[in-house]
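Engineer: sequence and predicted structure below; questions after.
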Amino acid sequence: MAAPHDDEAITTYSMHVSAKYLELTKKKLDLTRLPRELELPNERRWGQGTPKSVLEPLLDFWLEGYDWRAAESRFNSTLPQYRTTITVPSVTSPATTKSLRIHFVHKRSKHPNAIPLLLCHTWPSSFIEVQRVIDGLTDPHSLPGYGDSTQQAFHVIAPSIPGFGFSDASMEEEFGLHRTAEVFEKLMGRLGYAQFVAHGTGWGFGICRALALRHSKSCLAVHTANPSFDKPKLKSGAMRYFKYRVAKLTKAKVPLLSFGYMPSEVQAPSQSMAEKHLAIQDGMYDGEPLGPTLHRLYSLRPQTLAFSLCDSPVGLLAALLDVIHTRDLPQRPLSSSRSRSPFLSPVELEMQGGDEEQEEQDELRSTSTERPGDTTSPGRAEGDGRSYTWSPTEVLNFTMLQWLPGPEAALRWLRRAHMDMQSPSYQTFTGTPLGISTFLPPNSSNATPLMWGASSWDISWVKRHAGRPATLPGFEAPDALVLDLRECFATMMDRGKVKLEMPVRES
């Protein structure tokens, strides 16, 4: 095979943040001034945003216990990373081109039946979403499942959205979902994958939809988790609207007339007066992980927000905590030699406790780091109804991957992504098969009915995980997601929904 041009070369990449930048981060953490806050009942402490009682221990741990070099080394040793330059036409001047260095993870499977799988991360996440699923996807024997369909293997590609992680940021205002899809499709072609399947949740699903709409000859099928869809409308499809109305009328209790709807999806949730009052009080807060209200808030004025979030690592941490809606951090404080904040309440002063024994500190540190080689163990048992428990190290790893490149490009991208989703072309139907997994709390009434998506997708596979809530399944429920991806795409291939017509060349 002929040698690629210099601008098409694929080079290996290892993360290494300069010591000077890490020292600057520590100085900014040391100089943090925390705001005063209202004393709210525990059940409403998130009602006005990230509470100090959650953030303060993380700040202390970031200063005294967190080790970025250890995280960096672990990512470099477990994730094969590369960079290449992708050139696309300029949005504003199609006659000219723009080149971006794209960072990505790429691991080929040794199994002969492996198919290319593009993993699209969401906002405000990063490529590290893939860490806990990559081995199970490339080697089915590393996470055994039941049945032939759970033995499907994949070549895994997980790129960083331009402006996220270690990919160059686009300086074009119009760079959003469709432009990202174009870059990713070109990347897959450069790696030798003329056809592939894709997975994404949240905004990653938005990228997958853009691929399905504009690159359907390359992107043959999509899988997502916990998607949101618009309610069927008569003008957008009479038959789909009719099916929804019939299912709603029969409460989806008549199998032949349910049309794929579940009873819980078509029955309006009942709320007590107290619950309605709280909902009104907290109207600005969506109350769900990665809620659309917060997404919209952060994307309205990205440049204004960037001045504060680019300069304050704690401000960025607070914003991300609010977005990922993490509620389950260690109950005991992470002890620290840092001086106590004069703004803490008496209860929080007691929680901070700076004089704990060294063995307690060591124990907390050991429980807050990932176990070596543990890439698929969830933080709790299957189906127990509780959310995944984020460790302090995981929260800070998540934050660092936003802090290092600066969040401004990601905020601009989010703004454009919102605009892309509102365009008429984005709402059109695509025949690309879609597989859906749901990871929701028991008796959840906040999810949109999955069959609403039939107005815009060919829904071909569905699996519901009752009592296992997860916002980022690749991170919070990796074992279940791996098995779902195998089963979903293997089933689509068995049914003829996915046909890989072109061989994958070695890269």
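Structural biologist: That came through fine.
Engineer: for this structure, what are the low-confidence residue spans?
Structural biologist: 1-6, 144-149, 268-296, 325-386, 443-446, 502-507 (pLDDT under 70).
Engineer: in it, where's the longest helix?
Structural biologist: helix 478-494 (DSSP state H).
Engineer: list the buried residues for that helix?
Structural biologist: 478-493 (16 or more other C-beta atoms under 10 Å). Using the backbone N, CA and C atoms, a C-beta is placed for each residue, glycine as well.
Engineer: same question, stretch 211-227
Structural biologist: Those would be 211-215, 218-227, for stretch 211-227 by 16+ other C-beta under 10 Å.
Engineer: quick one: which of these sit in strands?
Structural biologist: Mapping the buried residues of stretch 211-227 onto strands (DSSP state E) picks out 219-225.
Engineer: pretty sure Phe229 is touching Ile459, no?
Structural biologist: No: under the criterion of C-beta atoms under 8 Å, Phe229 makes no contact with Ile459, lying 9.8 Å away.
Engineer: shared neighbours, the two?
Structural biologist: Residues touching both Phe229 and Ile459 by C-beta atoms under 8 Å, 6 or more residues apart in numbering: 450, 453.
Engineer: center of the chain - which residue?
Structural biologist: Nearest residue to the geometric centre of the chain (C-alpha atoms, centre = their mean): Thr122, 4.0 Å.
Engineer: setting aside sequence neighbours, what's the nearest residue to that one?
Structural biologist: Closest residue to Thr122 apart from its sequence neighbours, by C-beta to C-beta, 6 or more residues apart in numbering: Gly202 at 3.4 Å.
Engineer: His103 now?
Structural biologist: Phe166 (3.8 Å).
Engineer: again, but for Phe184
Structural biologist: Here the residue nearest Phe184, using C-beta to C-beta, 6+ apart, is Pro159, at 5.8 Å.
Engineer: that neighbour reaches Glu129, doesn't it?
Structural biologist: No: using C-beta under 8 Å, Pro159 is not in contact with Glu129; the gap is 11.5 Å.
Engineer: more crowded one of the two?
Structural biologist: Neighbour tally, Pro159 and Glu129, criterion other C-beta atoms under 10 Å: the higher count belongs to Pro159, 29 against 26.
Engineer: quick check: the gap between the more buried one and Thr84.
Structural biologist: Look at Pro159 and Thr84: by C-beta to C-beta, to the nearest Å, they are 10 Å apart.
Engineer: common neighbours of these two, please.
Structural biologist: If you check Pro159 and Thr84 against C-beta under 8 Å, 6+ apart, the residues they both contact are 102, 104, 187.
Engineer: care to break this structure down by domain?
Structural biologist: 45-74+288-404, 75-233+410-494 (automatic domain parsing).
Engineer: how far away from the center of its chain is the longest one?
Structural biologist: If you compare the mean C-alpha spot of domain 75-233+410-494 with that of the full chain, they lie 10 Å apart, counting by C-alpha atoms, centre = their mean, to the nearest Å.
Engineer: nearest residue to Ser126 in space, please, no chain neighbours.
Structural biologist: Leu401 (3.9 Å).
Engineer: may I ask which helix or strand encompasses the one you found?
Structural biologist: Here Leu401 sits within helix 392-403, counting by DSSP states H and E.
Engineer: same question for Val323.
Structural biologist: helix 313-324.
Engineer: Leu38 touches Trp46, doesn't it?
Structural biologist: No: with contact defined as C-beta under 8 Å, Leu38 and Trp46 do not form a contacting pair (12.0 Å).
Engineer: among these two, which residue is more densely surrounded?
Structural biologist: For Leu38 versus Trp46, the count of surrounding residues by other C-beta under 10 Å is larger for Trp46: 18 against 9.
Engineer: distance of the more buried one from Ser53?
Structural biologist: Separation of Trp46 from Ser53 (C-beta to C-beta): 10 Å.
Engineer: and the next element down the chain from the helix or strand that contains Lys20?
Structural biologist: Counting by DSSP H and E, the element that carries Lys20 is helix 19-30. Where DSSP H and E defines the elements, the next helix or strand beyond helix 19-30 is helix 52-64.
Engineer: could I get the buried residue list for that following helix?
Structural biologist: Residues 52-63 are the ones in helix 52-64 that count as buried (16+ other C-beta under 10 Å).
Engineer: for Ile459, phi and psi?
Structural biologist: phi -70, psi 120 (degrees, to the nearest 10).
Engineer: ok, back up a step: could you dump the shared contacts of Pro159 and Thr84 to a markdown table with secondary structure?
Structural biologist: As requested, the shared contacts of Pro159 and Thr84 are arranged in a markdown table below (DSSP: H, G, I helix; E, B strand; the rest coil):
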| residue | secondary structure |
| --- | --- |
| Ile102 | strand |
| Phe104 | strand |
| Leu187 | helix |
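Engineer: tell me where the stretch 301-450 of the chain has strands.
Structural biologist: 433-440 (DSSP state E, counting those that start in this stretch).
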